[in-house]
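Colleague: my questions are about this predicted structure, shown below with the sequence.
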Amino acid sequence: MRIARRLFLTYVHPLTSIGETASSGTVFRDGFLCMLCPAIGYQLMYIMLAKAGGAPSTFTPWLAIPKEVYYLANRFLIVPSLLLCWFFASAVLHSMLYALSGRGSFESVLGSLGHAVAVSMSFTLVHDLAMSLASVTGIIDPTAHEVAMNSPGIWRNILWLSFALYVGYFVLTFTVVARVTHRLSWFTSAITGVASFVCFQTVFLVFNR
C-alpha cells in the first residue's frame, strides 16, 4: 500500500514521491517491487497477444525472430530484458553522476530508477494491456489493430499520445532521480537523466522491437 501510494503520487508530485523512495531504508526492495508492475504487465500482454495469434504488421524485429513467432518469443524476453535495462541505465546514471562529484549510493539510484520506470511505462502499458485483452477475447482482430495503430486515425493518435507521455515522464522522473540521489544541479541532473533514459530505451528496443 505504501509503494502504491508513492507510485500514484508520482503523477503529480514526482520530486516528493521519488525522494521518499530514495531516502527509504528499503530502497532496493521498493524499487524492485515497483519494477514488478511493468514486468508482470508486459508479460501478460505478450501471453495474450501470442494466444490471440497476433504478429507485428509494420515493423521487422531487430532480433532475428520471425514475425509470426515474435510475440511467442517475447514471453521469454520481456522480463529479463526489462531487468537488464533497469540495471544498465542505473549503472550509467550513477557512474556519470559520481564522475561529476555526486556522492549518492548506487543502491539509491537503482531503487529510485525502478520507481521511475514503473510510473513512466504505465502510459503505454495501459494501452497495450487493453489492446491485448481485447485481442485475446475476440473483441478486435490483433493484426487489423496493428495496422490501424500505424495508419492515420484515432488509434494512431492515441498511440502517439501514450508515447509522448511515456517519453515525457521518463525524462522528468530520471532527472528527478539524479537530483534526489546525488544532489547535483538541475541542469546536470537533466543531462545525465536524458542520457540514462537513452541507454534504457536503446536496450529495451533491441529486445522488444
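Modeller: On my side now, so go ahead.

Colleague: can you report how many residues neighbour Ser189?
Modeller: 24 (other CB atoms under 10 Å). (Each C-beta comes from the backbone N, C-alpha and C, glycine too.)

Colleague: my bad, Cys85
Modeller: Cys85 has 23 nearby residues by other CB under 10 Å.

Colleague: low-confidence ranges, the chain, go.
Modeller: Under the criterion pLDDT under 70, the flagged ranges of the chain are 1, 54-59, 142-153, 155.

Colleague: again, 80 this time
Modeller: The model of the chain has pLDDT under 80 over residues 1-3, 52-64, 67-68, 135, 138-159, 209.

Colleague: give me the most central residue, this protein.
Modeller: For the chain, the residue sitting closest to the mean C-alpha position, by CA atoms, centre = their mean, is Met121 at 3.7 Å.

Colleague: so how far is Glu107 from that residue?
Modeller: 22 Å (CB to CB, to the nearest Å).

Colleague: which residues touch the residue in the chain sticking out farthest from the centre?
Modeller: Ranked by distance from the centre of the chain (CA atoms, centre = their mean), the top residue is Ser101, with 27.9 Å. Ser101 makes contact with Leu184, according to CB atoms under 8 Å, 6 or more residues apart in numbering.

Colleague: going forward, begin numbering at 4 instead of 1
Modeller: In the new numbering, first residue 4, that becomes Ser104.

Colleague: dihedrals phi and psi, it?
Modeller: Dihedral pair for Ser104: phi 80, psi 10, per degrees, to the nearest 10.

Colleague: what about it, distance to Arg186?
Modeller: 10 Å.

Colleague: what is the burial count for the closest residue to the residue nearest to the centre of the chain other than its chain neighbours?
Modeller: Spatial nearest neighbour of Met124, chain neighbours left out: Pro41 (4.2 Å); criterion: CB to CB, 6 or more residues apart in numbering. Counted with other CB under 10 Å, residues neighbouring Pro41 total 23.

Colleague: buried sites along the helix or strand harbouring Leu168?
Modeller: Per DSSP states H and E: Leu168 is located in helix 157-185. In terms of neighbour count (16 or more other CB atoms under 10 Å), helix 157-185 has its buried residues at 158, 162, 165, 169, 172-185.

Colleague: by contact count, what packs against it?
Modeller: Helices and strands touching helix 157-185, by 3 or more CB pairs under 8 Å, 6 or more residues apart in numbering; DSSP states H and E, are helix 17-25, helix 73-102, helix 109-139, helix 145-152, helix 189-211.

Colleague: check which helices and strands the longest one sits against.
Modeller: So that's helix 109-139. So helix 109-139, by 3+ CB pairs under 8 Å, 6+ apart, packs with helix 5-13, helix 17-25, helix 30-55, helix 73-102, helix 145-152, helix 157-185.

Colleague: nearest to Val206, of these?
Modeller: Of all those, helix 73-102 sits nearest to Val206, with 4.7 Å by CB to CB.

Colleague: what's the nearest residue to Leu128 if we skip its chain neighbours?
Modeller: Gly44 (4.7 Å).
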